[in-house]
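*Asks:* From the sequence below, what's the structure:
(one chain, ligands or ions: 1)
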Amino acid sequence: MRRAANPSGFAIDARAAAPPEPARDCPLCPRLVTYRSENAAAFPAYFNGPAPSFGPLTARLLIVGLAPGLHGANRTGRPFTGDYAGDLLYSTLLKFGFATGEYAASSDDGLSLVDAMITNAVRCAPPGNKPTPAEITTCRSFLRERILSLPRLEAIVCLGRIAHESALAALGVKSKAAPFAHGAEHRVAPGLSLFDSYHCSRYNTNTGRLTEAMFDEVFSAVKERLSTGGRISESGDERA
Ligand code: SF4
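*Replies:* This is a model prediction of the structure:
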């Protein structure tokens, strides 16, 4: 059985369909379940669960990160909220009109996303910020359904190589057809572009691998693509 294509024209085999959001006590990755329990004991005020996607279902843009940081999204329960990566991501989203309000590193800061949703390739915090290949594969069922659940989706921004590879796999696109490169735009389905960026982690910005200007360029390209209705011709040129 195949899921009907969304308005962007892409469709994914949904025989093993999962809901777009995991249960609060998702049991599928034993190592991460153990880590959640340990963190619940060590940090009882933290969220300590799969961080739910954040943003409206009408979003045309989906931003895919790696996984919740232990003291970031795992603490606050909102993707990229409460750690350094969130400072850069949310300030950039505010700058480009993909967010409104004020970001105050808390899930109750009142900030809203506009035409954008943020999710993670792996929803539970992994030890050392490093999910295993098996955990990435297991959690991909939720990413796939999250992508399918957005009827107006036209652009995906992948923050880092793991998010890129998992989003490609969720879309059924081979890695060779769309290799990861910061600043690249890949047409992964009719009406759907995937943009790559280095992850906005403290390490990447401290080392200069990712600058604020480089990050801005990615979202500027996304903004431009959305303004053209996500349309790209077979030759790669925009259609009016
Ligand atoms: S990482 Fe994803 S699949 Fe694994 S336990 Fe968490 S929510 Fe479930």
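*Asks:* On the pLDDT front, check A18 for me.
*Replies:* According to the prediction, A18 has pLDDT 74.
*Asks:* cool, and S227?
*Replies:* 87.
*Asks:* so where's this structure shaky on pLDDT?
*Replies:* Along the chain, segments meeting pLDDT under 70 span 1-17, 229-240.
*Asks:* Would you mind giving the secondary structure of the residue most central in space within the chain?
*Replies:* Note on the chain: the residue nearest the mean C-alpha position is V64, at 1.3 Å, using CA atoms, centre = their mean. Here V64 takes the strand state, with states given by DSSP: H, G, I helix; E, B strand; the rest coil.
*Asks:* Next: T119.
*Replies:* Under three-state DSSP, the three-state class of T119 is strand.
*Asks:* give me the beta-bridge partners of it?
*Replies:* In this entry, T119 is beta-bridged to V64, by DSSP bridges.
*Asks:* What are the neighbouring residues in contact with the residue nearest to the centre of the chain?
*Replies:* T119, N120, A121, L143, I156, V157, C158, L159, A163, S166, A167 (CB atoms under 8 Å, 6 or more residues apart in numbering). In short, each C-beta sits where N, CA and C put it, glycine included.
*Asks:* Number of residues surrounding the nearest residue to the second one once chain neighbours are set aside?
*Replies:* The spatial neighbour of N120 that comes closest, neighbours along the chain excluded (CB to CB, 6 or more residues apart in numbering), is G65 at 4.7 Å. G65 is surrounded by 28 other residues when neighbours are defined as other CB atoms under 10 Å.
*Asks:* what about the residue nearest to the centre of the chain, distance to the ligand?
*Replies:* Distance of V64 to the ligand, given as CB to the nearest ligand atom, to the nearest Å: 13 Å.
*Asks:* V122 now?
*Replies:* 5 Å.
*Asks:* which SS class is that residue?
*Replies:* Judged by three-state DSSP, the three-state class of V122 is coil.
*Asks:* so what's the spatially closest residue to it that is not a sequence neighbour up against?
*Replies:* Leaving aside its sequence neighbours, V122 sits nearest to A67 (CB to CB, 6+ apart; 3.9 Å). For A67, the contacting residues are N120, A121, V122, R123, C124, A125, P126, N129, P131, by CB under 8 Å, 6+ apart.
*Asks:* same thing with L66?
*Replies:* For L66, the contact set (CB under 8 Å, 6+ apart) comprises N120, A121, V122, N129, P131, L159, G160, I162, A163, H199.
*Asks:* mind listing what the fourth one touches?
*Replies:* Residues touching N129, when contacts are defined by CB under 8 Å, 6+ apart, comprise L66, A67, G69, L70.
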